[in-house]
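Chemist: coords below, sequence missing:
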């Protein structure tokens, strides 16, 4: 019964209008990697975040634990987060960017990432 309620709520959020999605949220995301047909590992982020709008721009910030599972090694829990911003350029074109981080046991291995993009809607 509880799982059905969660699934129904998730489906309602997935199909809700964009304006209804502003505010706090939970995001669970797994990113896995392969080299050829060799699985190398996965990182699962379990984030709590907030999204909103500032003028024409949309933004989000999120952070939480990250379970890092490298193939053949014991899983490790770190801390990760990301923040993003989207801006409309015209009715059909938007630009977006994201910065992210992932802690590590060794201070020299602290991970930083960035993403920039352009989206065209037909």
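Modeler: Alright, I've got the coordinates. Keep in mind it's a predicted model, so treat the numbers as computed, not measured. Residues are numbered from 1 along each chain as shown.

Chemist: For this structure, name the helix or strand with the lowest mean pLDDT.
Modeler: Of the helices and strands making up the chain, the lowest-confidence element is helix 2-14, at a mean of 44, by mean pLDDT, DSSP states H and E.

Chemist: Who are the contact partners of the nearest residue to residue 39 once chain neighbours are set aside?
Modeler: Closest residue in space to residue 39, ignoring its immediate chain neighbours: residue 71 at 5.4 Å, by CB to CB, 6 or more residues apart in numbering. (Glycine included, C-beta is placed from N, CA and C.) If a contact means CB atoms under 8 Å, 6 or more residues apart in numbering, then residue 71 has 38, 39, 40, 41 as its contacts.

Chemist: Format these as TSV; extra columns: distance to residue 57 and neighbour count.
Modeler: Converted to TSV, the contacts of residue 71 look like this (distance: CB to CB, whole Å; neighbours: other CB atoms under 10 Å):
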residue	distance to residue 57	neighbour count
38	41	8
39	38	12
40	36	12
41	35	15
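
Chemist: now, the most widely separated pair of the residues you listed?
Modeler: Of all pairs drawn from these, the one with the longest distance (CB to CB) is 38 and 41, at 10.4 Å.

Chemist: any weak-confidence spans in the protein?
Modeler: Counting by pLDDT under 70, the chain shows low-confidence ranges at 1-21.

Chemist: can you give me the strands in it?
Modeler: 23-35, 38-54, 57-70, 76-88, 93-102, 111-120 (DSSP state E).

Chemist: pretty sure residue 77 contacts residue 65?
Modeler: Yes - taking contacts as CB atoms under 8 Å, residue 77 lies within contact range of residue 65: 5.4 Å.
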